[in-house]
Structure formats: C-alpha cells, structure tokens
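S.K.: no letters, just coordinates:
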C-alpha cells in the first residue's frame with residue numbers, strides 16, 4: 001500500500017493501534033488523508049520482512065499486523081538509508097497527535113506502537129519500533145469511538161500545541177500542566193488520576209500560596225458553568241486531591257455521603273475533573289484569543305484579575321459539570 005500513497009523515496013513514522021474502538025470503514029484498503037497530510041489507515045501499509053519479524057518477535061509482529069487504526073506521516077528524502085533527525089521529527093509529531101487525541105476522550109485500545117523507517121526502491125525499511133504508554137479510563141466511563149472528525153479536531157489542536165512547544169520559556173505553566181494531565185490519563189488508580197487532573201487545572205489558575213482551594217473552586221468556574229452544585233463538585237474534587245497528596249484515606253473527603261455511595265461519588269468527581277481538564281486544555285490550544293493570556297505568569301495574573309463576567313466572556317464556552325456523569 002505504501003507505493004500507492006507515498007512518493008518513491010520517503011522517511012516515515014506510523015502509530016499502529018491494536019483493538020482500537022473506532023468508527024472507520026472496515027476495509028483493509030481504506031485510506032483517508034487529514035488536513036495536515038497525515039494518513040489514516042486500518043491496516044499496516046507494508047510487508048514486514050522475515051528478518052525484522054524475527055527481531056521484534058512474534059507477539060510484537062502480531063500486534064502490528066492486528067492493528068486496526070494506523071496514523072502515518074512521511075516526508076520525501078534524498079537519503080532514505082539513514083536514520084536521522086527527519087525520522088525523529090516525524091515520530092515526535094505523531095506521538096504528540098496521539099496524545100492530543102486523548103483530550104476528546106481516551107481512546108479505547110489494547111496496545112499502541114510507534115514505528116519509524118524509510119520506503120525506497122519499492123520496499124519498506126523499518127528502523128525502529130517502540131511501544132507507546134498506555135492511556136486508561138476512569139471507572140464508569142462512557143464508550144466513545146474515534147472517528148475522522150475527532151482526529152481532525154486533534155490536528156487543529158496540534159497546531160496550537162506546536163506553537164506553545166516552540167516558544168522556549170513561554171507558556172511554562174501550560175506545558176507543565178499538559179504533561180501532568182497526560183500523566184493522569186496514564187494512571188490506573190482513581191486516587192492518582194484525580195490528583196493529576198486537579199494539579200493540571202491548578203497549573204492554569206495560578207493560585208496564590210495558601211489560597212489554593214478557594215481560588216481553585218472560584219477560578220475553575222471560568223472553565224465550568226458556575227452553580228452551587230459546581231462549587232460542591234470542585235470542593236470535593238480538591239479535597240480528594242489533597243487526601244491523595246498527603247497519603248490519607250480518600251473517604252475522609254466524602255464523609256458526608258453514605259458509605260455505600262462514596263466510591264461511586266469519588267469516581268464521578270474523577271471523571272468530572274478529567275473532562276474539565278481535557279476540555280480546558282483543548283480550548284486553550286485551539287483559540288489564540290485565549291492562548292495569549294497564558295504566555296507568562298504576568299499574563300495569567302492579568303487574566304485572573306479581570307472581573308468574573310469579563311473573564312468568562314473571554315474564555316467562551318464553559319463545561320457543564322452536572323452533565324459529566
């Protein structure tokens with residue numbers, strides 16, 4: 001399939017996802033090109049030679065050939081035989097895209113691998129393969145298939161991400177907060193997940209020392225619709241984060257609830273903070289009018305000093321925590 005969609009001499013990177021819950025045509029010849037030039041396929045687009053198959057082992061080989069969601073990017077080259085920075089740039093772009101895709105809802109899958117190599121003289125030359133970290137769900141999640149629209153949305157967000165990543169010492173809190181959010185999505189345990197989700201939001205609200213809880217609850221109602229229920233949700237989420245931070249029993253944060261509903265409530269708060277954090281970072285990455293307020297801590301101080309109504313108008317659409325069940 002490579003010779004049908006690529007130039008004769010290219011360097012490439014591909015992400016191969018096994019058992020992905022996707023909404024794509026069940027056709028091994030399906031191809032779709034995204035607006036940034038990345039291809040979506042439902043089958044690995046090349047034959048893997050015997051030597052490479054033996055080197056990676058039968059299990060990893062089967063993981064590749066059984067993958068049903070493939071992202072591929074490539075660039076023309078005059079030296080396809082050499083593994084170099086061009087490969088690494090393509091690899092980094094696809095890894096970032098795969099991470100950003102999780103903002104729309106964690107992809108349901110069993111395994112994902114990144115492969116880099118070259119295609120020339122009618123053959124593929126695979127140079128390296130590595131396993132990508134696994135992203136997990138918060139208990140009680142609702143299944144959501146990935147489709148072309150969601151992937152295109154991730155492509156748009158990646159443009160904003162590239163701008164932020166390439167700006168040296170700017171956007172430091174955004175960069176740290178995004179990494180913390182991704183770390184949270186890779187955690188299995190609910191306590192560890194909500195700890196990271198709340199921390200990722202703290203990166204955006206720039207709380208004053210000693211005033212973190214009150215400002216977290218107040219300022220997060222810029223990202224989420226304000227209400228008495230939203231205030232309660234944010235307070236309980238912050239308390240759960242604090243229990244995790246100090247290695248205390250998380251149930252103490254929910255002592256006002258009957259024992260038999262505490263775990264369900266804790267998972268609900270975790271899902272709510274997960275979606276609030278993902279939606280907040282997605283909005284910040286997509287809209288330049290918002291991004292400019294998070295360039296430096298000085299810019300953030302100005303943003304958070306604005307009157308509530310003015311700040312909420314600048315932010316735009318707000319999440320409804322009551323609808324994140």
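M.R.: Arrived safely. Computed from a predicted model, the values in this text were never measured in an experiment.
S.K.: look up phi and psi at residue 320.
M.R.: When quoted as degrees, to the nearest 10, the phi and psi of residue 320 stand at phi -110, psi 100.
S.K.: for it, what are its contacts?
M.R.: For residue 320, the contacting residues are 224, 225, by CB atoms under 8 Å, 6 or more residues apart in numbering. Yep, even glycine has a C-beta here, placed from its N, CA and C like the rest.
S.K.: for it, give its distance to residue 226.
M.R.: Counting by CB to CB, to the nearest Å, the gap between residue 320 and residue 226 amounts to 11 Å.
S.K.: off-centre distance for stretch 308-323?
M.R.: The offset between the C-alpha centroid of stretch 308-323 and the centroid of the whole chain comes to 22 Å, using CA atoms, centre = their mean, to the nearest Å.
S.K.: if I look at residue 240, how far off is residue 262?
M.R.: Plainly put, residue 240 is 10 Å away from residue 262 if you go by CB to CB.
S.K.: more neighbours: the two, which one.
M.R.: Legend: neighbour count by other CB atoms under 10 Å for residue 240 and residue 262, higher for residue 240 (26 against 17).
S.K.: pLDDT score for that one?
M.R.: What the model reports as pLDDT for residue 240 is 97.
S.K.: verify the stated contact: it with residue 193.
M.R.: No - shown here, residue 240 and residue 193 do not form a contact pair, counting by CB atoms under 8 Å, at 10.1 Å.
S.K.: which neighbours do these two share?
M.R.: Where contact means CB under 8 Å, 6+ apart, the residues bridging residue 240 and residue 193 through contact with each are residue 270.
S.K.: residue 74 should be in a strand, yeah?
M.R.: Yes - checked against DSSP: H, G, I helix; E, B strand; the rest coil, residue 74 lies within a strand.
S.K.: now it: how far from residue 120?
M.R.: The gap separating residue 74 from residue 120 is 11 Å, by CB to CB.
S.K.: what do those two both touch?
M.R.: By CB under 8 Å, 6+ apart, residue 74 and residue 120 have these common neighbours: residue 10.
S.K.: these two - which one has more neighbours?
M.R.: Just comparing residue 74 and residue 120: by other CB under 10 Å the higher neighbour count belongs to residue 74, 22 against 17.
S.K.: my guess is the more buried one contacts residue 9. True?
M.R.: No - Residue 74 is beyond contact range of residue 9, at 10.1 Å (criterion: CB under 8 Å).
S.K.: pull up the overlap in contacts between the two.
M.R.: Common contacts of residue 74 and residue 9 (CB under 8 Å, 6+ apart): residue 119.
S.K.: show me where this protein has helices.
M.R.: For the chain, helices defined by DSSP state H occupy the ranges 2-5, 50-56, 58-65, 85-101, 148-165, 172-185, 190-205, 212-223, 228-245, 259-286, 288-291, 297-305, 308-315.
S.K.: please name the residues that touch the closest residue to residue 150 other than its chain neighbours.
M.R.: Leaving aside its chain neighbours, residue 150 sits nearest to residue 104 (4.8 Å; criterion: CB to CB, 6 or more residues apart in numbering). Neighbouring residues of residue 104 by CB under 8 Å, 6+ apart: 144, 146, 150, 153, 154, 278, 282.
S.K.: show the pLDDT at residue 104.
M.R.: The pLDDT attached to residue 104 in the predicted structure is 93.
S.K.: wait, residue 45 sits on residue 71?
M.R.: No - checked against CB under 8 Å, the pair residue 45 and residue 71 is beyond contact range at 11.1 Å.
S.K.: between these two, who's got more neighbours?
M.R.: Neighbours of residue 45 and residue 71, each counted by other CB under 10 Å, are more numerous for residue 71; the result is 24 against 21.
S.K.: which residues touch the more buried one?
M.R.: 14, 15, 38, 39, 40, 94, 97, 98, 151.
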